[in-house]
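Participant: Structure for the following, please:
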Amino acid sequence: MKHFIDLKDISSLNLRKILKDAKKRKKSRIKLNNLDVDKDAPLKGKFLIQMFEKSSLRTRLSFYLAIKQLGGSTLTLRPDELHLSKGGESIEDTAKILSNFGNAFMLRTDSDKKLEEFKKFLSIPIINGLSPSSHPTQILSDVFTVEEIKKKEISKLNISWIGDSNNVLNSLLAASIKFQFNLNIGCPKKYQPGKKIRHFIDKNKNKISIYDNPFKAAANADVIFSDKVISLNDRVNEKQKLNHFKKFKINKKLMSFAKKDCIFLHCLPRGQEVDDNVFKSKKSKVWQQALNRVHVQKSILLYCFGKLG
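Facilitator: Numbering: from 1, shown residues only. This next block holds a predicted model:
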């Protein structure tokens, strides 16, 4: 049994094994429909319980299809339906029930502490479907997408992030160390990573650079990532924050500083951080990026169940 909470906690070797398995499984499904089960059905009879404390579209759909294609089944819980939320039931007691009924637990949460508490009391694997500090399933899938499109390992590419310092960037930073790729971050000074993340960056500064100039961050990029400037449950002055990020908008001018074959990726949903003429252009690979969540999350599940080769 293995947990999947933060990329920093998983070896580069195991992350690479997950990507290798996802590539093999995606290739094997060319002639199959979405609900068709993989021929080997490696998780037949397994039950994944999901709980979302925050809104979700791609993560919810992709985990549903992932466990189904592996031969298992799933149920999605809402916290407002549980005693955990309204009846005062403890995380410890809830975890015991989840462990008795399910074989794995996927949690999208508004609390990193809650994620760690569930990990402490569960006797089944827990997967982080997004937390305030990280979004590991998203970024591992994005590494898969980059390598699929560029047809080379990400370590040979220049990656840029233009946007806010948030949980998705935190996971991208972790991935840059695990997969050894150059990462340039473009973000207004006021919104750049805090002390804890800065310490992590300083330890690995040969591969990571931060700029308050978006054009410097985008220079010579093979891939440009972005995310919403106003995140879910962001407690800020929205008008003021959007104004600070005006110069960091992904548009044709900014993309012109990157390589000619640079691609644009965004975890979605989008906001005002990208122009339509980039988002809807051939450089944008966001739909392929979203669909690949299914394939990589299948292999993450297999990793958690100890079924990767």
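
Participant: hey, let's count contacts and neighbours off CA atoms from now on
Facilitator: Will do.

Participant: contacting residues for Leu115?
Facilitator: The neighbours of Leu115, taking Cα atoms under 8 Å, 6 or more residues apart in numbering as the test, are Leu107, Thr109, Asn128, Ser131.

Participant: Show the pLDDT at it.
Facilitator: In this model, Leu115 is scored at 97, pLDDT.

Participant: now do Lys196
Facilitator: Reported pLDDT for Lys196: 83.

Participant: How about the one 4 residues further on?
Facilitator: Per-residue pLDDT puts Phe200 at 79.

Participant: Also Gly88?
Facilitator: With respect to pLDDT, Gly88 scores 84.

Participant: Which one of the contacts of Leu115 is nearest to Asp142?
Facilitator: Using Cα to Cα, Asn128 comes nearest to Asp142 of these, at 15.8 Å.

Participant: Output the helix or strand where that closest one lies in PDB with nothing but the alpha carbons.
Facilitator: Secondary structure from DSSP states H and E places Asn128 in strand 126-130. Provided in PDB are the C-alpha atoms of strand 126-130 (Å, rounded to 0.1, in the frame of the first residue of the first chain):
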ATOM      1  CA  ILE A 126      -5.100   8.000   0.100                       C
ATOM      2  CA  ILE A 127      -4.700  10.100  -3.000                       C
ATOM      3  CA  ASN A 128      -4.500  13.900  -3.000                       C
ATOM      4  CA  GLY A 129      -7.000  15.100  -5.600                       C
ATOM      5  CA  LEU A 130      -6.000  18.700  -4.700                       C
END
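
Participant: helices or strands up against that strand?
Facilitator: Judged by 3 or more Cα pairs under 8 Å, 6 or more residues apart in numbering; DSSP states H and E, the packing partners of strand 126-130 are strand 104-108, helix 112-121, helix 136-150.

Participant: For Ile250, list each beta-bridge partner.
Facilitator: Under DSSP bridges, the beta-bridge partners of Ile250 are Val274.
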